[in-house]
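Trainee: Kindly return the folded structure for what I paste below:
(one chain, ligands or ions: 1)
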Amino acid sequence: MTTRLLITGAAGGLGRYAREGLKGCADVLRLSDVATLSPAGEGEEIVRCDLAEREAVDQLVRGCDAILHLGAISVESDFDALLQANILGTYNLYEAARKAGVNRILFASTNHVTGFHPIGETLDHLSPRRPDSLYGVSKCFGEDLSRLYFDKYGMETACLRIGSCFAEPTNRRMLSTWLSPRDFLALVRRLLDAPKIGHLVLYGVSANRDVWWSNGHADFLGWRPQDSSEPYRHEIEKREEEPSDGVRYQGGRHAAAKLPG
Ligand SMILES: NC(=O)c1ccc[n+]([C@@H]2O[C@H](COP(=O)([O-])OP(=O)(O)OC[C@H]3O[C@@H](n4cnc5c(N)ncnc54)[C@H](O)[C@@H]3O)[C@@H](O)[C@H]2O)c1
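Mentor: Purely as a prediction, here's the structure:
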């Protein structure tokens with residue numbers, strides 16, 4: 001049982017699901033964001049913190065025994081912004097965790113670390129990374145950093161390459177990439193409860209008909225996604241025309257867009 005679980009990015013979309021859905025997973029949820037959070041409820045602590053500020057992050061992490069690291073710029077952005085929040089922020093978090101003796105981190109990576117693979121290929125944790133954006137590159141940094149901290153210090157990380165985690169899938173791409181909030185929360189719980197996870201890379205995706213990713217190596221977790229995008233297919237396909245020829249890559253518009261700057 002986790003005593004104190006730190007959730008970074010707790011004011012964001014997934015952070016709000018986690019705040020509600022992970023109640024009882026730890027004695028205390030320490031909720032943190034650079035943005036304002038609503039006041040602490042029972043079993044909660046609120047700590048406002050910019051992940052780019054090293055000393056503040058050191059303090060933030062102290063006393064926690066696991067971290068769900070969601071805090072980041074979650075879309076394509078200019079490099080300087082990604083450098084602060086995603087690269088420096090993740091480095092600060094891992095250093096603080098090492099110093100505080102935190103041994104398990106669930107790192108919100110993204111499917112955009114492999115977004116330049118074409119649709120039609122099935123990927124797994126061993127497929128080469130082909131980031132489709134500067135955002136994807138910033139998450140590759142986090143994955144590599146977590147590997148370094150595992151190899152050097154034995155700190156365990158699950159890199160969750162999240163597909164599209166929203167209440168419902170809303171476009172054709174999400175018919176393949178959708179991760180329901182319920183499946184996301186069940187996966188997080190499994191990762192917190194498993195006796196050992198080592199350094200694990202896995203895709204966060206529901207049991208959709210046309211998934212592009214395989215998680216066979218992570219069967220030991222016992223996580224079986226319950227939801228599927230199929231009930232939404234008819235409406236989406238009626239609303240959205242066939243994907244254009246430009247959408248050849250798994251990363252969709254991230255792969256198609258020009259880089260910022
Ligand atoms: N939602 C998805 O489908 C999805 C898909 C792939 C990856 N992810 C990853 O999961 C995580 C959560 O995604 P989300 O959809 O909730 O994103 P979000 O943008 O809604 O939330 C991210 C939160 O991080 C906070 N944040 C940004 N910079 C910060 C900083 N310097 N210090 C502290 N906090 C900072 C923001 O204020 C925000 O509340 C992100 O890391 C994202 O990259 C999400």
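Trainee: Check the burial of the closest residue to residue 209 other than its chain neighbours by counting its neighbours.
Mentor: In this structure, residue 209 finds its nearest non-sequential neighbour in residue 230, 5.5 Å apart by CB to CB, 6 or more residues apart in numbering. Placement of C-beta: from N, CA and C, glycine included. By the criterion of other CB atoms under 10 Å, residue 230 has 15 neighbours.
Trainee: backbone phi and psi for residue 230, please?
Mentor: Taking degrees, to the nearest 10, you get phi -60, psi -40 for the backbone angles of residue 230.
Trainee: And it, how far from residue 47?
Mentor: Distance, residue 230 to residue 47, using CB to CB, to the nearest Å: 40 Å.
Trainee: Now for the residue in the stretch 1-150 of the chain that the ligand sits nearest to: which residues touch it?
Mentor: As assessed by CB to the nearest ligand atom, the ligand sits closest to residue 12 within the stretch 1-150 of the chain, at 2.0 Å. With contact taken as CB atoms under 8 Å, 6 or more residues apart in numbering, residue 12 is in contact with 33, 35, 70, 71, 74.
Trainee: Check it and give its pLDDT.
Mentor: At residue 12, the pLDDT value in this model is 98.
Trainee: Work out for me the element residue 67 sits within.
Mentor: In this structure, residue 67 sits in strand 66-69 according to DSSP states H and E.
Trainee: Kindly report the same for residue 161.
Mentor: Per DSSP H and E: strand 156-162 holds residue 161.
Trainee: Could you spell out the sheet neighbours of that strand, each with its direction?
Mentor: Here strand 156-162 is paired, per DSSP bridges, with strand 104-110 (parallel), strand 199-204 (parallel).
Trainee: avg pLDDT for the strand holding residue 67?
Mentor: On average, the pLDDT along strand 66-69 is 98.
Trainee: Tell me the strands beside that strand, with direction?
Mentor: Strand 66-69 is paired, per DSSP bridges, with strand 2-8 (parallel), strand 104-110 (parallel).
Trainee: May I have the helix or strand following it as PDB, with CA atoms only?
Mentor: Of the helices and strands lying after strand 66-69 in sequence (DSSP H and E), the nearest is helix 79-82. Presented in PDB, the C-alpha positions along helix 79-82 are these (Å, rounded to 0.1, in the frame of the first residue of the first chain):
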ATOM      1  CA  PHE A  79      11.100  24.200 -27.700                       C
ATOM      2  CA  ASP A  80      11.900  26.600 -24.900                       C
ATOM      3  CA  ALA A  81       8.600  25.800 -23.200                       C
ATOM      4  CA  LEU A  82       9.100  22.100 -23.600                       C
END
